[in-house]
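Engineer: Sequence and predicted structure, then a few things I'm wondering about:
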Number of protein chains: 2
Amino acid sequence: MTTPPVTRALAEWIVSVKDGDIAEDVRQEGVRTFVNWLGCAVGGASHETVDAAIRGVAPFSGPQTSTVLGRSEKLDAMHAALVNGISSHVLDYDDTHLKTIIHPAGPVASALLALAETRPQSGRALITSMLVGIEVECRIGNAVYPDHYDRGWHITGTAGVFGAAAAVGHAIGLDATKMQWALGLAASQSAGLREMFGTMTKSFHPGRAAQNGAMSALLAEAGFDSSLRGIEAPRGFANVMSDKQDYGEILDDLGSRWEAALNSYKPFACGIVIHPTIDGCQQIREEIGARVGAIASVQLTAHPLVLELTGKTSPKTGLEGKFSVYHAAACALLHGDGAPTAFTDEIVADPAVVALRDKVRATADRRIHEASVVIEITFDDGSTMTKEIDRAIGSRERPLSNEMLDTKFLRQAELVVGAADAERILAAAWAIEAASDAGDVARAARSDKLRSAAE
Amino acid sequence: MTTPPVTRALAEWIVSVKDGDIAEDVRQEGVRTFVNWLGCAVGGASHETVDAAIRGVAPFSGPQTSTVLGRSEKLDAMHAALVNGISSHVLDYDDTHLKTIIHPAGPVASALLALAETRPQSGRALITSMLVGIEVECRIGNAVYPDHYDRGWHITGTAGVFGAAAAVGHAIGLDATKMQWALGLAASQSAGLREMFGTMTKSFHPGRAAQNGAMSALLAEAGFDSSLRGIEAPRGFANVMSDKQDYGEILDDLGSRWEAALNSYKPFACGIVIHPTIDGCQQIREEIGARVGAIASVQLTAHPLVLELTGKTSPKTGLEGKFSVYHAAACALLHGDGAPTAFTDEIVADPAVVALRDKVRATADRRIHEASVVIEITFDDGSTMTKEIDRAIGSRERPLSNEMLDTKFLRQAELVVGAADAERILAAAWAIEAASDAGDVARAARSDKLRSAAE
């Protein structure tokens, strides 16, 4: 079987895409992706991982053109891309392309927005370039998933660098040959191991993918050449880094079928197996109002995996709270909360939350789907109610509404920059397509609330 | 079989090495490695690949602390490491660890010398850190070679990033845990595909390995954590990127047996299969003196591989000359030359060279070793002489003398910076161990002869 000229065909498509070529519903999903990404980047901006990254790279920063989102520091565009890619991923709260588990926006949007502050482009052009980059990233992911991931590669890093190269190459107007070089340079920087999960280096992967992908496009622009077949050559990306190569996933229906439109957004700042419980408890809270104070017991019935992963009955810290379906249920019933505010050290130790948490019981039942839950409430007067969640909010079947994205954005961002700044940044994010200078959105996301890491 | 704690043991060794722990003969090989590397970096400094790299990265350079070797530009230490790593490799003339085909100095020395200009250290300390880095790089290479290379990885990039991380981590005095983090960050940036051979991106690999390895150590110093088992974990470097993992190659006799002492240096600026022919023809020239003008014919007998790779009878350009055993023989007989000066467009078209080249014939004989050649000269008067080369100069059996390293250095460097500067830089390189500030050697290698790429 002859290998098709994948890199060439992909490069030709990338450089050909015009703003008007993309259907309005796809563009709208792009704006939602951008809003969700910016909220996560601001929400993660106060994390110690971000502090450490800035301490490490700041001595080598070039002209400080570009905003570190949610913070007061500025860095050169490449280092800002790195740090913003890190902060957008560090809370494990970013977007997900469910077919590949790629978190698409981190590498792509981080590269584009940082560069837009030194090489201005309109917000509409930025969304076009972002959709092109995400499309390339997810299609390359589809071509090698799951074998590539199973081998041990963190696919958000390995595919993300192509997405950033494609997006920035599109934004700066490379021709098709230079776009091939950019993809070749990206192939030779595709990296990131799953062994790093649980350490700061996991978040480093989307950040470095943003930085290295952007630099791949800029080097190609400067005349730095590379293979014209970086993806499909015998010693190229797909053959060296995966045992599966399905190039149809890259080339078929390019420009008509958009993987970028299938992006999804986590509603809650914790592992996905607790999401049905939080969703159900939030709905119950809406329905019963003040009777939350009259709950005698809560019985959860869920797939065994849910208890295996999140069966911690007495969490002591916010982080442990993320692994307690009991805490999550109590917090959703009492406060309607599943945002980062629901997983702080304070709320986990709050007496009212602890009291309700102690009334929650959970039973494993293999007949219930992993994405489902049955919640039975018994009140002090002996009355009961039952809530069954088949698929949680945030799943493909029940995508987050724009209002839910607002709530998600504000709840995490206000912890870092305060409520007023969070509202302001959110408004700027939704208005991205109307911005004559996309860099204005980045500058709107600057905040003086955090102490500089360099101090 | 239990996997040993490879990353931990290696990190503990790295941070423990003191200047005095390394035997004098190993240190001397280190100095020879440094001299050879610096000559190659200066010799490659005028290459268009270096121009393109500088054009691409200069807009993002931080404080211009560090010399671009052989040129007038300065860049921040990380970008100088990148560019010097590129220039040291771009002529394919750098050092070789023959067991793995790693070119060890590029990633390691490029990182150390650039950093020494902003965080000063003595020349003796720099050589110690360089030997530690090269040792780590070659041992990690040994653990996965040849399977890793056969899979398609450019091992100078993939192993080089560990070498740079180890060297810089040693130089800045990381503790063992932070050294483990640095190796983990390096593992997650290990990259570079053999598909890029024949393009500028091949030289990008040692450059990026230098930059990324250095940044791994600096991030670890800043508190950016990573896996403690980046090399040997099930989803770590060795398992994900190779089907062979021989950890004894990493840990056995650490500190007593030095792979770094086995480094070798190419005497000639072309593929290794022509080296016996150039060596033999240079010896003949020494022996026959003026009778070179009385040669009637030259008969080479060599392994078929030699003619397969370098059988071009009528090269038109300097680059084609590197693939012509006929040209190489003529040039060595006439001028005693195998340096980059022997592979310019001018010398390939020189009438005297062409006339002698047309008298060279070559025959393939499978009984002759790939590293050998038989050269039979017939003179105009009918007399003959025969020269057999068993192993060429530059091989493990016949290492280059210091004087030959001088000649190699000067012949390539003077093409770029002129004879006087080349002599001055060479003297500074040999005196590295006496330098109280290693950065002085980098500053000595600055030259105003080349036009800035940014102009």
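Structural biologist: Cool, got the structure. Numbering: from 1, shown residues only, chains lettered A, B, ... in the order given.
Engineer: what about the residue of the stretch 351-455 of chain A found nearest chain B, neighbour count?
Structural biologist: Closest approach between the stretch 351-455 of chain A and chain B, counting by Cβ to the nearest Cβ: A:Ala453, at 8.9 Å. Backbone N, C-alpha and C define where each C-beta goes, glycine included. Per other Cβ atoms under 10 Å in any protein chain shown, the neighbour tally for A:Ala453 reads 20.
Engineer: Sticking with it, tell me its helix or strand.
Structural biologist: Using DSSP states H and E, A:Ala453 sits within no helix or strand.
Engineer: Would you confirm that it contacts A:His47?
Structural biologist: No. Assessed by Cβ atoms under 8 Å, A:Ala453 is found out of contact with A:His47, at 10.8 Å.
Engineer: measure the residue of the stretch 351-455 of chain A closest to chain B to B:Phe60 for me?
Structural biologist: Per Cβ to Cβ, to the nearest Å, A:Ala453 is found 20 Å from B:Phe60.
Engineer: Which parts of chain A are strands?
Structural biologist: Under the criterion DSSP state E, strands of chain A are mapped to A:66-67, A:74-75, A:95-96, A:264-265, A:295-302, A:360-364, A:373-379, A:384-389.
Engineer: how distant is the fifth one from the center of its chain?
Structural biologist: Counting by Cα atoms, centre = their mean, to the nearest Å, strand A:295-302 is centred 32 Å from the centre of its parent chain.
Engineer: buried set for that strand?
Structural biologist: Using 16 or more other Cβ atoms under 10 Å in any protein chain shown as the burial criterion, the residues of strand A:295-302 that qualify are A:295, A:298-302.
Engineer: now for it, which elements pack on it?
Structural biologist: Packing contacts for strand A:295-302, counted by 3 or more Cβ pairs under 8 Å, 6 or more residues apart in numbering or on different chains; DSSP states H and E, involve helix A:275-288, helix A:325-335, strand A:360-364, strand A:373-379.
Engineer: is it possible to export those to CSV including distance to chain B and mean neighbour count?
Structural biologist: Below are the helices and strands packed on strand A:295-302 laid out as CSV (distance: least, Cβ to the nearest Cβ, whole Å; neighbours: other Cβ atoms under 10 Å in any protein chain shown):
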stretch, distance to chain B, mean neighbour count
helix A:275-288, 26, 22
helix A:325-335, 26, 25
strand A:360-364, 28, 17
strand A:373-379, 31, 20
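Engineer: Tabulate the ones you listed (TSV), appending distance to B:Ala444.
Structural biologist: Listed next are these as TSV, based on distance: least, Cβ to Cβ, whole Å:
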stretch	distance to B:Ala444
helix A:275-288	62
helix A:325-335	64
strand A:360-364	71
strand A:373-379	70
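Engineer: Dump these to CSV, plus mean pLDDT.
Structural biologist: CSV is the format used below for the helices and strands packed on strand A:295-302 (pLDDT from 0 to 100):
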stretch, mean pLDDT
helix A:275-288, 96
helix A:325-335, 97
strand A:360-364, 97
strand A:373-379, 98
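Engineer: contacting residues around the residue most central in space within chain A?
Structural biologist: Per Cα atoms, centre = their mean, the C-alpha nearest to the average position across chain A is that of A:Asp94, at 2.2 Å. For A:Asp94, the contacting residues are A:36-37, A:40, A:88, A:103, A:105-106, A:266, by Cβ atoms under 8 Å, 6 or more residues apart in numbering or on different chains.
Engineer: Just list the residues touching the residue sitting furthest away from the middle of chain A, thanks.
Structural biologist: Computed with Cα atoms, centre = their mean, the residue of chain A farthest from its C-alpha average is A:Asp381, at 44.0 Å. Taking Cβ under 8 Å, 6+ apart, we find A:Asp381 in contact with A:Ala294.
Engineer: measure it to A:Glu286 for me?
Structural biologist: From A:Asp381 to A:Glu286 the distance is 20 Å (Cβ to Cβ).
Engineer: Same check on A:Tyr149?
Structural biologist: From A:Tyr149 across to A:Glu286, the span is 38 Å (Cβ to Cβ).
Engineer: ok, back up a step: chain B next: which of the contacts of A:Asp94 are close?
Structural biologist: Residues of the contacts of A:Asp94 in contact with chain B (Cβ under 8 Å from any Cβ of the partner chain): none.
Engineer: Domain boundaries for chain A, per the record?
Structural biologist: Using automatic domain parsing, the domain parsing of chain A gives A:6-267+A:401-444, A:272-389.
Engineer: quick one on the thing from earlier: A:Tyr145: which of the contacts of A:Asp94 is nearest?
Structural biologist: A:His103 (13.6 Å; Cβ to Cβ).
Engineer: ok, that closest one - contacts?
Structural biologist: A:His103 makes contact with A:89, A:94-97, A:156, A:206, according to Cβ under 8 Å, 6+ apart.
Engineer: swap in A:Gln299?
Structural biologist: Contact analysis of A:Gln299 by Cβ under 8 Å, 6+ apart lists A:361-363, A:375-378.
Engineer: For it, report the pLDDT, please.
Structural biologist: Reported pLDDT at A:Gln299 in the predicted model: 98.
Engineer: Taking the stretch 301-450 of chain A, what residue is nearest to chain B?
Structural biologist: Closest point on the stretch 301-450 of chain A to chain B, by Cβ to the nearest Cβ, is A:Leu319, at 15.0 Å.
Engineer: what's that residue in contact with, if anything?
Structural biologist: By Cβ under 8 Å, 6+ apart, A:Leu319 lies in contact with A:Phe343.
Engineer: End to end on stretch A:425-438, go ahead and measure it.
Structural biologist: Using Cα to Cα, to the nearest Å, the end-to-end distance of stretch A:425-438 comes out at 13 Å.
Engineer: Hmm, A:Tyr93 and A:Lys266 touching each other?
Structural biologist: Yes. Using Cβ under 8 Å, A:Lys266 is in contact with A:Tyr93, at 5.6 Å.
Engineer: what sits in contact with each of the two?
Structural biologist: Overlap of the contact sets of A:Lys266 and A:Tyr93 (by Cβ under 8 Å, 6+ apart) is empty.
Engineer: Name the residues of the helix or strand of chain A with the lowest mean pLDDT that are buried.
Structural biologist: One helix or strand of chain A scores below all others by mean pLDDT, DSSP states H and E: helix A:318-321, with a mean of 86. Within helix A:318-321, the residues scored as buried using 16+ other Cβ under 10 Å are A:318, A:321.
Engineer: what about it, distance to the chain center?
Structural biologist: On the basis of Cα atoms, centre = their mean, helix A:318-321 sits 20 Å off its chain's mean C-alpha point.
Engineer: Same question for stretch A:57-75.
Structural biologist: 22 Å.
Engineer: Compute the first-to-last residue distance for that stretch.
Structural biologist: Length of stretch A:57-75, first residue to last, Cα to Cα: 9 Å.
Engineer: tell me the mean pLDDT for it?
Structural biologist: For stretch A:57-75, mean pLDDT is 98.
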